[in-house]
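A.B. asks: got a predicted structure plus its sequence, pasted below:
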Amino acid sequence: MCQMKPSLRVAVIDDERVIADSLAEILRLHGYEVKAHYSGESAMADALEFSPQVVLSDIQMNTIDGVETAVRIRETQPQCRIILVSASPMSGSIYERICGLGFEFLQKPVRPQEILAALREDPSMCRKA
């Protein structure tokens, strides 16, 4: 297990449970404090208590999408870093909205090493990998 200093609190949000749980376990093994959520509603309800420093969220989810979830979490956690991921091709307008909100973006499929590297980097306002 790698030692991270300091450990970051990361909220992983994906409506595909196996993806959220797998990613959460990988991050735990690398020293992060992680909570997996299977919906935007669950993540928003837990944000005040868990107080994530980073949100790593899929964009396309049932009921409420990752962008709206991130916007609402940012309202109560203004310093929270937001990294959104999607397997769907990004239209220019959606990408511009994500950048305009100060969120980062990673295109799926994303290997665990890419996510770990992104978490170690100094956050940029809008990064497309």
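C.D. replies: It's in.

A.B. asks: just the element for the residue nearest the centre of the chain, please.
C.D. replies: Central residue of the chain (CA atoms, centre = their mean): residue 56, 0.9 Å from the mean position. For residue 56, the host element (DSSP states H and E) is strand 54-58.

A.B. asks: using CSV, list the CA coordinates for that strand.
C.D. replies: What follows is strand 54-58 as a C-alpha-only set of coordinates in CSV (Å, rounded to 0.1, in the frame of the first residue of the first chain):
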residue,chain,number,x,y,z
VAL,A,54,-12.3,15.9,-4.3
VAL,A,55,-15.3,14.6,-6.1
LEU,A,56,-14.7,12.1,-8.9
SER,A,57,-18.0,11.7,-10.7
ASP,A,58,-19.4,10.1,-13.8
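
A.B. asks: can you list the buried residues in the next helix or strand after that strand?
C.D. replies: From strand 54-58 onward toward the C-terminus, using DSSP H and E, the following helix or strand is helix 66-76. Neighbour counts over helix 66-76 (16 or more other CB atoms under 10 Å) mark 66, 67, 69, 70, 72, 73, 74 as buried. C-beta here means a position set from N, CA and C on the backbone, and glycine is covered the same way.

A.B. asks: repeat for stretch 49-65
C.D. replies: 50, 52, 53, 54, 55, 56, 57, 58, 59, 61, 65.

A.B. asks: and what of stretch 38-47?
C.D. replies: Neighbour counts over stretch 38-47 (16+ other CB under 10 Å) mark 38, 39, 40, 42, 43, 44, 47 as buried.

A.B. asks: same question, stretch 86-103
C.D. replies: Under 16+ other CB under 10 Å, the buried positions of stretch 86-103 are 86, 90, 94, 98, 99, 103.

A.B. asks: to the chain's geometric centre, what's the distance from the strand holding residue 56?
C.D. replies: The chain centre lies 1 Å from the centre of strand 54-58; the measure is CA atoms, centre = their mean, to the nearest Å.
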